[in-house]
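*Asks:* Have a look; sequence and predicted model below, questions after that.
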Amino acid sequence: MLRYLLRRLLSAVFVLWAAFTVSFLALYALPGDPVAIMLDSGTGEQGTVDPARAAALRHEYGLDRPLPEQYLDRLVHAVRGDLGTSVRSGTPVTRTVLDAVPPSLTLAAAALLLAVLGGVLLALAATWPRGGWLRRVLTALPPLGVSVPTFWVGLVLVQVFSFRLGWLPAFGGTGPSGLLLPAVTLALPAGAVLAQVLARGLRGALAEPYAVTARARGVGRGRLLLRHAARNAAVPTVTLAGVLTGNLVAGTVVVETVFARDGLGRLTVTAVSTQDIPVVQGVVLFAAAVFVAVNLTVDLLAPVLDPRLAGPATA
Amino acid sequence: MSLLDIRNLTVAYGPRTVLRGVDLTVRSGEVVALVGESGSGKTTLAHAVVGLLPRGGRITGGQVRLDGIDLTGLGERSLRAVRGARIGFVPQDPGVALNPLRRVGDQVAEALVVHSAAPSGGRRALRERAVALLSEAGLPDAAAQARRHPHELSGGMRQRVLIAAALACRPPLVIADEPTSALDVTVQRRVLDHVGALTRGLGTAVLLVTHDLALAAERADRVLVMSDGVLVEEGPASMFAPTRPRAVVGPGPTVDTGTVPRHPYTRRLVAASPAYAPDRPERPAPARTLLAATGLRREYGSTVALSDVDLTVGIGETVGLVGESGSGKSTTARLVARLERADSGRIVLDGADVTAARGTTLRAVRRRVQVVHQNPYGALDPRWRIGPIVAEPLRAFGIGDRAARRNRVAELLDQVALPADVARRRPTELSGGQRQRVAIARALALRPDLVICDEPVSALDVSVQAQILDLLDELQRELGLAYLFISHDLSVVRRVCDRIVVLRAGRVVETGPTTRVFHHPTHPYTRELLAAVPGAAA
């Protein structure tokens, strides 16, 4: 178990390093002059750049040094938590990113909660009936949820609940009421995928010989689903939930834009559109860290759910 | 009055009728065996009794009376009260019949919980009851095992868990569907002995469903033979006991049991069952040694799979390699076929040392030594047609042009008694026996001297088994083939092998001519193995 943990941790570190390296290569080593971008205040008139000022900036950001040296320097700083400063605002990148995290985290956590609750309930409801139209309708719902685009759902929700009914604030709103619509928007596709995979897992487990044996023991439908099938179906579902959590963070980009909320998504959009390279890299690294943390949790949870994964059989 | 009284039971899957008017009774405390090959409907019957037919299956006529109450008329809720409480069910494959994620003790206790039969005293008393039930079913160190998960238990132990769960509520009837088919013979014998004693003690009636006629005759009071959804014959167990020699098998004195199976199907089944077959006639010793392996050793990690194994196969000879799971049979086969390197030891093929053969020498070995695998369903690529499958070794060795290869394929298919048009079909269109014929044809394509048959018939029904064994015999006579015949089934080995090598835990414990080993075994393990064969005790 300890070796397993160590291996997972090592691979987590490797993923973070890889994310740093790839984003460095993509953002700094590729053609394009960061200094020219910095000096270009968005007007597109690059001809007016003062060469002396450009050189000074280049030196300040270390961009005049050879690439490997830049890479090492930035890597060392990154390990210490220093990701440089934003070329637009001049504030430290770490600060900028961390400031944007709380609203996004609240949103993603709320969405995850809704997705898991909704997904599990829908999956159970779709598996409980032994047949008939209800089962068919419930089974058909998740694919529908998966195929509808997020921004469209957001717009429809705003249209109905804010403009027509006036129940919830359309944009910006703080507190739970402002969180609800964006969270639902974000949760919908994730919950749908969860429901789909869990329902398939439950149906698969119900068809297993051990389920038939349990029924031959006198076990009823409810106990069969909750005590026998649910845990077996949970293993792949938890793995998927890990992937979805990462996607939720990514999904904040669209939702925060649609609902005009502050957060990581908005920061990303702004940083990309203003070509604020250090901030973009900061966001990339943060996203990678979230993915790594979530997957690590899932990997550690899996052997708890399925003892067969904990180690080789002892008999 | 009968405990279980099935009358005129008819079951259909969609438009297909699989049980046609079956009548069957089990009296209180009686052991009744239901024997049939795959597709005969025996498992359908077992499931129909407890109302657990798979999706699409339904009872279209007749009655299943338990203590006079017709179960076919009951709803799911009432049936649930019967399952486990009035009828215990021991399923087929202990490897998959237990929930992998729940402790075995909890799965036994569950039977008590759902029938409100849990002892007073809460969880602790329930756990103790489960441990007692496991211990009663013959699970050693039950208190510790109850806390384990199924994957931590051996097959035999898992089957004991399933038996404990089936008997937990003391049902008056237990239906056991091939309860020991997945187990080694010695384990099978111990489990069945234990269950027999246990159910006799409790006065439980048993409906034993099996494909093994000899086992049925040995374990039951009464035997029913089923074929194609119909009961064809019924009689006391002694009528079906394989006391050799018997009138039904061939000429020779009839045994004193008086009655013999009369129905043509039962007679065919008896004739095909290796347990009922006469010994293989002794043949002159082979002219020279084809394969000689000495001191074979193989380790996987820290486990020694094989150690100090010697083995010879003469030209045109059949050598049986027998042993239970984990004895090293398949490892030996892979080493001898040079599919895997031995850690130490020597393999000599026809005078040439091939232990470390590589490149062209190894390819020459491949030409002379071919393998037929156990599972005819997995050994053929389902997307290929049979023609290319059989021709593959020819292509691999660049033998002949397209036309020549096509002719050779036709010739090979003819040799294994398959019609020529099979070449255009795909494996999924063939039966298990036909697929194994294809696998044999492919193995013969390069005209090998030695064919390693790794459990070639263990996935097949006895009647198909007999045909494949006959085919192997015939090919040996025609082509002078030598076989290394690997099997866990001693009855099959007795029928086809000239000499046998008994393996146990990676070592050879006994070797000698088949008749000598079978009638005068010297090693205690061989004796245990032989005594465990169903029908051996008769």
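*Replies:* That came in fine, so what should we check first?
*Asks:* Nearest residue to residue B:159 in space, please, no chain neighbours.
*Replies:* Of all residues not flanking residue B:159 in the chain, residue B:94 sits nearest, at 4.2 Å (Cβ to Cβ, 6 or more residues apart in numbering or on different chains). C-beta coordinates here come from the backbone N, C-alpha and C atoms, glycine included.
*Asks:* Give me the three-state assignment for the one you found.
*Replies:* At residue B:94 the chain is in coil, as set by DSSP: H, G, I helix; E, B strand; the rest coil.
*Asks:* what about it, how many neighbours?
*Replies:* Residues within reach of residue B:94, counting by other Cβ atoms under 10 Å in any protein chain shown, total 28.
*Asks:* What parts of the stretch 101-250 of chain B come near chain A?
*Replies:* Counting by Cβ under 8 Å from any Cβ of the partner chain, the positions of the stretch 101-250 of chain B adjacent to chain A are B:101-102, B:107, B:110-111, B:114-115, B:148-149, B:151-154, B:157, B:162, B:165-166, B:169.
*Asks:* So which residues on chain B come close to chain A?
*Replies:* B:50, B:52, B:77, B:80-85, B:89, B:91-93, B:96-102, B:107, B:110-111, B:114-115, B:148-149, B:151-154, B:157, B:162, B:165-166, B:169.
*Asks:* Buried subset of the residues you listed, written for PyMOL?
*Replies:* The PyMOL command for the buried members of the residues of chain B next to chain A (criterion: 16 or more other Cβ atoms under 10 Å in any protein chain shown) is given here:
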select buried, chain B and resi 50+52+80+82+83+84+85+89+91+92+93+96+97+98+99+100+101+102+107+110+111+114+115+148+149+151+152+153+154+157+162+165+166+169
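*Asks:* Which ones among the residues of chain B next to chain A map onto helices?
*Replies:* Counting by DSSP state H, those place B:77, B:80-82, B:107, B:110-111, B:114, B:157, B:162, B:165-166 in helices.
*Asks:* Can you name the two of the residues you listed that sit furthest apart?
*Replies:* Using Cβ to Cβ, the two most remote members of those are B:77 and B:157, lying 33.7 Å apart.
*Asks:* And residue B:34, its phi and psi?
*Replies:* Dihedral pair for residue B:34: phi -110, psi 120, per degrees, to the nearest 10.
*Asks:* likewise residue B:278?
*Replies:* The phi/psi pair for residue B:278 (degrees, to the nearest 10) is phi -70, psi 160.
*Asks:* how close does it sit to residue B:285?
*Replies:* Per Cβ to Cβ, to the nearest Å, residue B:278 is found 21 Å from residue B:285.
*Asks:* Ok, residue B:157 next?
*Replies:* According to Cβ to Cβ, residue B:157 and residue B:285 sit 44 Å apart.
*Asks:* Surely residue A:177 and residue A:162 touch.
*Replies:* No: Residue A:177 is beyond contact range of residue A:162, at 10.5 Å (criterion: Cβ atoms under 8 Å).
*Asks:* Quickly list what's touching both of these two.
*Replies:* Both residue A:177 and residue A:162 are contacted by A:168-169, under the criterion Cβ atoms under 8 Å, 6 or more residues apart in numbering or on different chains.
*Asks:* quick one: which of those two has more around it?
*Replies:* When residue A:177 and residue A:162 are compared for neighbours, residue A:162 comes out ahead with 17 against 11, by other Cβ under 10 Å.
*Asks:* was I right about the more buried one contacting residue A:181?
*Replies:* Yes: assessed by Cβ under 8 Å, residue A:162 is found in contact with residue A:181 at 7.2 Å.
*Asks:* Can you say which helix or strand has residue B:371 in it?
*Replies:* Residue B:371 is part of strand B:369-372, with elements assigned from DSSP states H and E.
*Asks:* so how far is that strand off the chain centroid?
*Replies:* Remark: strand B:369-372 is offset 22 Å from the chain centroid, using Cα atoms, centre = their mean, to the nearest Å.
*Asks:* Give me the residues contacting it.
*Replies:* With contact meaning Cβ under 8 Å, 6+ apart, strand B:369-372 is reached by B:291, B:333, B:336-339, B:349, B:379, B:393, B:436, B:439-440, B:442-444, B:446, B:448-454, B:456.
*Asks:* mind listing what residue B:188 touches?
*Replies:* With the criterion set at Cβ under 8 Å, 6+ apart, residue B:188 makes contact with B:180, B:532, B:534.
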